[in-house]
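In: coords below, sequence missing:
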DNA sequence: ACGCTAGTACGGTAACCATCGTAGTACGGC
DNA sequence: GCCGTACTACGATGGTTACCGTACTAGCGT
């Protein structure tokens, strides 16, 4: 109503509310890990519909909420779309190197799987 | 029966069976994260009873099993005790830097909590 | 053999979680 | 205003998890 680019508010933990256990839990699911990997690769704010996930839309919403409430991503409404951004700065400040290391680990695992398959 | 130092076999995933998601899930629980931190700090094979955890013995067994089946620790019987060791070499080979980064993140979080409290 | 210590196995419970379908809201375009 | 697209909210369901207590096994010491 008042502002232009966004309208509804989304609950996000503040930086100091982010808990390591919640971040690890958010990253421990294959669907969510894939989302985070895609976001890190594209390095841009992506809408939820960008991702081609093997689950329905309502389940997708659920996974994005877990990521948001865990402090891994930041979501903002932009018209009818919802843009998702990794909270790289917050995570780096809290847990230096964690996100990069997990992403590298995920890459390594996928590489190994491809080699085996 | 046959060998001397150990007797019963425990199921462990082989190195190539270790999955990142399982490792992250194992580390995402506060009790298990604390166990892993203690093991990394002491840098020795510790018996289960070394740890002073806020749960009962049967729950402790459960958590150690999750860590073992996730590939985070290796357990061996040694007489009446069961020795626990971090699988640092396997984890490092699969996911370089992951364990150290998570442990550093856990330390950082505890430090922040102590400063706030 | 007996008891002590360390840990397991089993069974149960309550909470959580990933998943879905359906119905609904918000926004942009026509 | 109407429709389509993007996403949400709600309710249900089945599977997993964290936790417990009790009963049990394995090894050590005496």
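Out: The structure has been received and is ready for your questions. These numbers were taken from a predicted model, which means no experiment stands behind them. Residues are numbered from 1 along each chain as shown, chains lettered A, B, ... in the order given.
In: please count neighbours and contacts with C-alpha atoms only from this point.
Out: OK.
In: and residue A:85, helix, strand or coil?
Out: Each residue gets one of three states, and residue A:85 gets strand by DSSP: H, G, I helix; E, B strand; the rest coil.
In: and chain B, is stretch A:74-93 touching that?
Out: No: with C-alpha under 8 Å from any C-alpha of the partner chain as the criterion, chain B is not reached by stretch A:74-93; the gap is at least 9.9 Å.
In: nope, stretch A:53-72 is what I was after
Out: No: Stretch A:53-72 stays clear of chain B (C-alpha under 8 Å from any C-alpha), getting no nearer than 11.7 Å.
In: list the buried ones in that stretch?
Out: Residues A:60, A:63, A:64, A:65, A:66, A:67, A:68, A:69, A:70, A:71, A:72 are the ones in stretch A:53-72 that count as buried (16 or more other C-alpha atoms under 10 Å in any protein chain shown).
In: which of the helices or strands spans the second one?
Out: When elements are assigned from DSSP states H and E, residue A:63 belongs to helix A:57-70.
In: which two in the buried residues of stretch A:53-72 are spaced the farthest apart?
Out: Taking C-alpha to C-alpha as the measure, those span a maximum distance of 16.8 Å, between A:60 and A:71.
In: thinking again about what came up before, and the helix holding residue A:63, how far out from the chain middle?
Out: 9 Å (C-alpha atoms, centre = their mean, to the nearest Å).
In: packing partners of the longest helix seen in chain A?
Out: Ranked by number of residues, the top helix in chain A under DSSP state H is helix A:98-116. Using 3 or more C-alpha pairs under 8 Å, 6 or more residues apart in numbering or on different chains; DSSP states H and E, the elements in contact with helix A:98-116 are helix A:88-94, helix B:20-27, helix B:88-94, helix B:98-116.
In: what parts of chain A come near DNA strand C?
Out: A:1, A:5-8, A:26, A:29, A:31, A:54-59, A:62-63, A:66, A:78-80 (C-alpha under 7 Å from any atom of the strand).
In: hmm, 10 Å instead?
Out: A:1-9, A:22, A:25-32, A:53-67, A:77-82 (C-alpha under 10 Å from any atom of the strand).
In: near DNA strand D too, which of the residues you listed?
Out: Contacts with DNA strand D within the residues of chain A next to DNA strand C, counted by C-alpha under 10 Å from any atom of the strand: A:8-9, A:25, A:56-65, A:77-82.
In: and residue A:82, helix, strand or coil?
Out: Classified using three-state DSSP, residue A:82 is strand.
In: check contacts around it.
Out: A:46, A:47, A:48, A:75, A:76 (C-alpha atoms under 8 Å, 6 or more residues apart in numbering or on different chains).
In: specify the beta-bridge partners of it.
Out: Applying DSSP bridges to residue A:82 gives these bridge partners: residue A:77.
In: so, low pLDDT: which residues of chain A?
Out: Along chain A, the parts satisfying pLDDT under 70 run over A:1-7.
In: let's see it at 90
Out: A:1-10, A:43, A:79, A:116-117 (pLDDT under 90).
In: roughly how far does the closest residue to residue A:37 other than its chain neighbours sit from residue A:67?
Out: Counting by C-alpha to C-alpha, 6 or more residues apart in numbering or on different chains, residue A:37 lies nearest to residue A:103, which is 6.5 Å off, once chain neighbours are set aside. Using C-alpha to C-alpha, to the nearest Å, one gets 15 Å for the distance from residue A:103 to residue A:67.
In: same question for residue A:12.
Out: Residue A:12 sits 10 Å away from residue A:67, going by C-alpha to C-alpha.
In: once you drop chain neighbours, what's closest to residue A:95?
Out: Nearest residue to residue A:95, sequence neighbours excluded (C-alpha to C-alpha, 6+ apart): residue B:105, at 4.7 Å.
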